[in-house]
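*Asks:* I would like the atomic coordinates for the input below:
(chains A, B, C and D)
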There are 2 protein chains.
Amino acid sequence: MPPRGKRAPSAQEQYQEAVATYVAAGGDESVQRVITAVNSMSRKLEQWYTRQLVDLDLSHGEWSVVAQLATADGAPMTPSRLADASNVAASSMTHRLDKMTERGLVRRSPDPDNRTRVRVELTDQGWELFGAAVREANVVESDVLAGLTRKERSQLAALLEVVISRLDDLETP
Amino acid sequence: MPPRGKRAPSAQEQYQEAVATYVAAGGDESVQRVITAVNSMSRKLEQWYTRQLVDLDLSHGEWSVVAQLATADGAPMTPSRLADASNVAASSMTHRLDKMTERGLVRRSPDPDNRTRVRVELTDQGWELFGAAVREANVVESDVLAGLTRKERSQLAALLEVVISRLDDLETP
DNA sequence: TCCGAATATTTCGATATCGAAATCTTAGCA
DNA sequence: TGCTAAGATTTCGATATCGAAATATTCGGA
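*Replies:* Residues are numbered from 1 along each chain as shown, chains lettered A, B, ... in the order given. The predicted structure follows:
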């Protein structure tokens, strides 16, 4: 039996048609090429992350929490900031943290400076899991970028970093 | 009252710390710079899309369906391919399509060649909504890339396209 | 100092999503 | 042709997410 639908078009074909359609609908080509490529790549990565995280018995949302806590090293995190960073409602984060606390991955503690706030941090077990996931993910990520030379990767990163540095200026004005 | 938690770090600071942490945990720097940047950018874009889509009374998931149908122009889409492309379970797509059909955005019809399949396509109303959303999104997207010259955008797109062209080779082997 | 507005978190009811099982159809092979 | 395995979609029960309201606390001005 054929795989799916008619035949799933390749990621490259999908990308090219998407750009063409967005441009036809009134988008700027130089913009749509970049934005569409970033979104395509991110969606694909997300699929792989989800698959790999099954081994660690983590959902994509839970991974997001672990990663945020790990990379915010230093500054204490709160449930609402985690919710913002994970693109979910604050009330969802409550439940997510309940589960993760129960499982021993994170720890909640009252903020001594402000009793309306709750600090959230990784437990040792949470840190272990973070390390394991990063190393596992790095394998796939290296594969994805295997088509670029070291120099090209550096160029690519530099260009993306220019964009990132602008993101803050565009926050809700 | 202070904004949130202690103070939300800028996107740039967040990015830099994330890369540093991933590298410390065993990731390759040239890989992590690119991957982290792509993911940061995509997450931020998603936030803006969600905000803008409120005006059109569309959820992010529903937008994903509209966009897939619009950009797959030509080849008829099926529920399962839409589910794959949207990163949701097939059973979720059933409900999503029910709602969107009821609202008049999409149309289901039996595939004449294979009665196990269902074709899904945009209605005229669905196409209108697609156009409106693309033009609205293009405003934000242009802003995001405003820090790059036309030439830099082209370079960036070209590098990303190299990566995209590799994605297919990495499919489930 | 006291009070109202704003912030952080949680609770609660409604909705969306998931994964497994059920149903129907097709493909491939004896 | 007849039979079995596999695909596509939907149904169903369990779980996660959402948005609004509830609760507790803090900030800033009268």
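
*Asks:* which parts of chain A are strands?
*Replies:* Taking DSSP state E as the criterion, chain A contains strands spanning A:106-110, A:118-122.

*Asks:* the ones you listed: which one's closest to chain B?
*Replies:* For chain B, the closest of those is strand A:118-122, at 9.0 Å, according to C-beta to the nearest C-beta. From N, CA and C alone the C-beta is placed, and that goes for glycine too.

*Asks:* chain center to the closest one, what's the gap?
*Replies:* Centroid separation for strand A:118-122 versus its chain: 20 Å, with C-alpha atoms, centre = their mean, to the nearest Å.

*Asks:* check whether that strand comes near chain B.
*Replies:* No - using C-beta under 8 Å from any C-beta of the partner chain, strand A:118-122 stays clear of chain B, coming no nearer than 9.0 Å.

*Asks:* that strand vs DNA strand D: in contact?
*Replies:* No - against DNA strand D, strand A:118-122 shows no contacts by C-beta under 7 Å from any atom of the strand, the least distance being 11.0 Å.

*Asks:* contact partners for the spatially most central residue of chain A?
*Replies:* Computing the C-alpha centroid of chain A and ranking residues by C-alpha atoms, centre = their mean puts A:S64 first, at 6.6 Å. Neighbouring residues of A:S64 by C-beta atoms under 8 Å, 6 or more residues apart in numbering or on different chains: A:85-86.

*Asks:* which stretches in chain A count as helices?
*Replies:* Per DSSP state H, chain A carries helices over the ranges A:11-24, A:29-53, A:60-71, A:79-86, A:90-102, A:124-144, A:150-167.

*Asks:* redo those as TSV? Include mean pLDDT and distance to DNA strand C.
*Replies:* Output for the helices of chain A, formatted as TSV (pLDDT from 0 to 100; distance: least, C-beta to the nearest atom of the strand, whole Å):
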stretch	mean pLDDT	distance to DNA strand C
helix A:11-24	95	20
helix A:29-53	95	8
helix A:60-71	97	9
helix A:79-86	96	3
helix A:90-102	98	3
helix A:124-144	95	17
helix A:150-167	96	20
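
*Asks:* one step back: including mean pLDDT, could the strands of chain A go into TSV?
*Replies:* Compiled in TSV, the strands of chain A are given as follows (pLDDT from 0 to 100):
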stretch	mean pLDDT
strand A:106-110	97
strand A:118-122	97
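
*Asks:* give me whichever of those is most buried.
*Replies:* Mean neighbours per residue, mean count of other C-beta atoms under 10 Å in any protein chain shown, is largest over the strands of chain A for strand A:118-122, with a mean of 20.

*Asks:* report the angle between that strand and helix A:90-102.
*Replies:* Strand A:118-122 and helix A:90-102 are oriented at 50 degrees to each other (axes from the mean of the first three to the mean of the last three C-alpha atoms, to 10 degrees).

*Asks:* put the alpha carbons of strand A:118-122 into CSV.
*Replies:* Provided in CSV are the C-alpha atoms of strand A:118-122 (Å, rounded to 0.1, in the frame of the first residue of the first chain):
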residue,chain,number,x,y,z
VAL,A,118,7.4,30.8,43.8
ARG,A,119,10.9,29.8,42.8
VAL,A,120,11.3,26.7,40.6
GLU,A,121,14.6,24.9,40.1
LEU,A,122,15.9,21.6,38.8
